[in-house]
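In: pasting the sequence and the predicted coordinates here, then a few questions.
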Amino acid sequence: MSKKADRLNRIMQILKVRNGASIRELSAELDVSEMTVRRDLEVLSASRLVTLIQGVAVYHPANETDGEAILNKEYNLSAEHLAHRSEKERIGAKAASLLEPNDVIVIDTGTTTEQLARFIPETASLTALCYNMNILIELNQKKNTKIICGGGYYHSNTQMFQSPEGISLISRTCANKAFISAAGISSKMAVTCIDQYELDTKKAAVASALTKILLADSSKFDKVCPVMFANLTEFDMIITDKGLSEEWLDTIRRMEIELLLV
């Protein structure tokens with residue numbers, strides 16, 4: 001479990017025992033800054049596990065079951081391949097259909113973005129930047145695709161490479177399109193991922209492209225994960241499946257983000 005997820009669980013344990021605690025008390029107990037506690041409580045508040053009232057966090061036991069699933073589930077890429085596979089395949093195929101000759105693209109970490117890489121036509125002439133082993137393997141089979149790979153420390157649970165040098169490489173790349181994944185998209189428009197080590201790489205990927213495209217199956221909406229890396233308003237397009245709720249359909253249309261349902 002990541003440090004942040006562990007800290008979120010410790011906060012929940014403290015609030016269960018006391019029913020409420022101030023930011024200052026939690027900061028002292030966890031030996032972290034009050035700003036860190038505030039960010040953690042924002043995650044828990046977005047998950048409807050706590051309410052913040054004038055600097056005091058109050059526990060919501062009614063939402064505990066869903067919250068524990070969010071906070072305790074360890075991400076594993078191999079297991080994630082099996083979840084919503086048909087939806088991810090359709091999303092990946094639709095994303096691949098948007099590619100144009102000589103595009104320069106960034107493909108973010110994940111299993112939905114892996115499907116995009118798999119559906120790139122063999123004849124497509126483009127340049128693709130990636131930083132994941134699973135996506136690199138797929139791209140290596142595309143004979144006309146030039147590959148740029150950001151290396152660094154290898155995280156086995158996501159198969160992601162991460163390093164300051166890799167982030168710098170992404171930042172120096174001017175891409176036509178960035179295809180970005182998300183582990184959760186909250187009702188407050190926070191686009192989130194699983195672990196802190198993903199943050200700077202994903203932010204660099206979003207910033208590098210002229211067109212920013214979010215690939216996420218409908219199960220990711222109304223879900224909060226520990227690390228926010230973007231706001232939904234930063235994206236030009238969302239590709240998801242037809243399981244998306246009417247509330248989200250209305251929200252995205254009001255935001256004037258192009259929405260493709262598959």
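Out: Perfect, thanks for sending it.
In: quick one: terminal-to-terminal distance for stretch 222-239?
Out: 16 Å (CA to CA, to the nearest Å).
In: can you mark which positions in it are buried?
Out: Buried positions in stretch 222-239, judged by neighbour count with 16 or more other CB atoms under 10 Å: 222-230, 232, 234-235, 237-239. From N, CA and C alone the C-beta is placed, and that goes for glycine too.
In: could I get the full set of helices for the stretch 151-262 of the chain?
Out: Along the stretch 151-262 of the chain, counting by DSSP state H, counting those that start in this stretch, helices occupy 164-172, 199-208, 246-254.
In: give me whichever of these is most buried.
Out: Each of the helices of the stretch 151-262 of the chain was scored by mean neighbour count; the highest is helix 199-208, a mean of 21, by mean count of other CB atoms under 10 Å.
In: counting by contacts, list what that one packs against.
Out: helix 164-172, strand 175-181, strand 227-231 (3 or more CB pairs under 8 Å, 6 or more residues apart in numbering; DSSP states H and E).
In: out of those, nearest to Leu199?
Out: Among the helices and strands packed on helix 199-208, the nearest to Leu199 by CB to CB is strand 227-231 (5.4 Å).
In: contacts for that closest one next, please.
Out: 4, 180, 189-196, 198-199, 202-203, 206 (CB atoms under 8 Å, 6 or more residues apart in numbering).
In: pretty sure Ser219 contacts Ser245?
Out: No - using CB atoms under 8 Å, Ser219 is not in contact with Ser245; the gap is 11.2 Å.
In: these two: which is more packed in?
Out: Higher neighbour count among Ser219 and Ser245: Ser219, with 15 against 11, using other CB atoms under 10 Å.
In: just give the nearest non-adjacent residue to that one, would you?
Out: Closest residue to Ser219 apart from its sequence neighbours, by CB to CB, 6 or more residues apart in numbering: His84 at 5.7 Å.
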